[in-house]
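Asks: 3D, please:
(chains A and B)
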2 protein chains.
Amino acid sequence: MALWYELVGSVAAILTSISFIPQAWKVYRTRKTDDISLSMWILFTTGVTFWIIYGFFLQDWNIVGANGVTALLAGYILVKKIQYLIRPTLRQEI
Amino acid sequence: MALWYELVGSVAAILTSISFIPQAWKVYRTRKTDDISLSMWILFTTGVTFWIIYGFFLQDWNIVGANGVTALLAGYILVKKIQYLIRPTLRQEI
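Replies: Numbering: from 1, shown residues only, chains lettered A, B, ... in the order given. Presented below is the predicted three-dimensional model:
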């Protein structure tokens, strides 16, 4: 039984972590973030950071690992969203 | 000490759950999902469902509650993303 629910936790951790890769890739490729909600990514990135702290307390490396990867990807999306809001011309420059 | 990390878990749960409200609201208000990644929301909604199962196994109601709310919001965003992909004209009809 123990192995079974740890497997479920790992699948959950992997899926929710890798899920941000396509969004980060889409932002990198298209440089378009208009339809993405700024407040979502601010709240989400902050929340994920709290999950990392929570995971450390629990010594649950599923939670720490998953949210560590998520924080990096979410952080990238958030930075780009803010960048394109502040300097829309940045999209054409590079 | 126990109260402290449970508080961190609750804050993490609340922040990551409510973070999807602004994105769902933005999709509802603007009906624009072009910059949102379809594969992200498919992977993410599936992953969140696994987190709910994991939380049930652990009897950790932070995890179950947070991911339950998230699954509803993420599911809404996913359905709208698919809807507007299949029938772009849907945006103007209503």
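
Asks: ok, which stretches of chain A are helices?
Replies: A:2-18, A:20-30, A:38-58, A:61-86, A:90-93 (DSSP state H).

Asks: contacting residues around the second one?
Replies: This points to helix A:20-30. A:33, A:36, A:69-70, A:73-74, A:76-77, A:80-81, B:35-40, B:43-44 (CB atoms under 8 Å, 6 or more residues apart in numbering or on different chains). Every residue, glycine included, has its C-beta placed from N, CA and C.

Asks: shaky segments in chain A?
Replies: Low-confidence segments of chain A, defined by pLDDT under 70, are located at A:1-2, A:89-94.

Asks: apply 90 and report the result again.
Replies: Along chain A, segments meeting pLDDT under 90 span A:1-6, A:9-10, A:13-14, A:16-17, A:58, A:60-63, A:65-67, A:69, A:86-94.

Asks: OK, contacts around A:Gly65?
Replies: Counting by CB under 8 Å, 6+ apart, A:Gly65 makes contact with A:13, A:17.

Asks: look up how far B:Tyr54 lies from it.
Replies: Distance of A:Gly65 to B:Tyr54, given as CB to CB, to the nearest Å: 14 Å.

Asks: swap in A:Phe44?
Replies: 19 Å.

Asks: more neighbours: these two, which one.
Replies: Higher neighbour count among A:Phe44 and B:Tyr54: A:Phe44, with 27 against 24, using other CB atoms under 10 Å in any protein chain shown.

Asks: now do the contacts for the more buried one.
Replies: With CB under 8 Å, 6+ apart, A:Phe44 has these contacts: A:74, B:15-16, B:19-20.

Asks: between the residues you listed, which has the most around it?
Replies: Counting by other CB under 10 Å, top hit in those: B:Thr16 with 27 neighbours.

Asks: circling back: quick one: buried ones out of the contacts of helix A:20-30?
Replies: A:33, A:36, A:69-70, A:73-74, A:76-77, A:80-81, B:35-37, B:40, B:43-44 (16 or more other CB atoms under 10 Å in any protein chain shown).

Asks: taking these, tell me the two that lie furthest apart.
Replies: Greatest spatial distance among those (CB to CB): A:Val69 and B:Asp35, at 21.8 Å.

Asks: ok so, going back, among the helices of chain A, show me which one is buried the most.
Replies: The highest mean neighbour count among those, using mean count of other CB atoms under 10 Å in any protein chain shown, belongs to helix A:38-58: a mean of 20.

Asks: report the distance from it to the chain centre.
Replies: Helix A:38-58 sits 9 Å away from the centroid of its parent chain (CA atoms, centre = their mean, to the nearest Å).
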